[in-house]
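[1] Show me how the following folds:
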Amino acid sequence: MGAIATFSNVSLVSAELEAAREDRPEAFHVVLSEAGYGTTPATINIYCPMDWNGRFLGCTGGGVRTLHLYEVMGRENRIVMPFNATANGFATANTDGGVPGDVFYFGLDEKTGKIDYDLILNLSYRSTHSMTVIAKEVVRAV
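    Predicted coordinates for the structure are as follows:
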């Protein structure tokens, strides 16, 4: 995908057209991996609905997460998430910010007992900014 060629630390994981579902329209779904900060690469999900309204809406988390866990929080939650952003015609993206699986992991390396400052910076601002810059390039290409 030419849109990510300008980012030396980003690689394509998958790109596929997803059929319409009950909660969202047909959309092109791109999954990217971004290396560079901290020890764990960030995963970026980008959704481009086929009936696009021409606008982009980034969906990030809060607290100690950059990514909302929709299945944990429930789809009735009023926080803007990719499924309701695409249902309203927005191209959208989210990122896990390189945070490994645990919902409450916030940057402490339990093996060494040391703070992972790169991960904290990812949670603070870096991964959301990076996701937005990369996703906008992909959306333009799609």
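
[2] now the strands for this protein?
    Under the criterion DSSP state E, strands of the chain are mapped to 10-18, 27-34, 42-49, 56-58, 91-95, 108-109, 114-115.

[3] How about the backbone phi and psi for the closest residue to Thr40 other than its chain neighbours?
    Spatially, and ignoring its direct neighbours in sequence, Thr40 is nearest to Gly98 (4.3 Å; C-beta to C-beta, 6 or more residues apart in numbering). The C-beta positions use only the backbone N, C-alpha and C, and glycine is treated the same way. Gly98 has phi and psi values of phi 80, psi 10 when expressed as degrees, to the nearest 10.

[4] Which residues are in contact with Gly98?
    34, 37-42, 119, 122, 127 (C-beta atoms under 8 Å, 6 or more residues apart in numbering).

[5] same question, Gly107
    Neighbour list for Gly107: 115-117, 119-120, 123 [criterion: C-beta under 8 Å, 6+ apart].

[6] Show me where the protein has its helices.
    70-73, 82-87, 117-121, 127-141 (DSSP state H).

[7] Tell me, how many residues neighbour the residue nearest to Met50 when sequence neighbours are not counted?
    Excluding the flanking residues, the one nearest Met50 by C-beta to C-beta, 6+ apart is Glu26, at 4.7 Å. By other C-beta atoms under 10 Å, 13 other residues sit near Glu26.

[8] Might one say that Glu26 is in contact with Ala20?
    Yes: with contact defined as C-beta atoms under 8 Å, Glu26 counts as touching Ala20 (4.4 Å).

[9] now, among the contacts of Gly107, which is nearest to Cys48?
    Nearest to Cys48, judged by C-beta to C-beta, of the contacts of Gly107 is Leu123 at 26.1 Å.

[10] Tell me the confidence at that closest one?
    Per-residue pLDDT puts Leu123 at 73.
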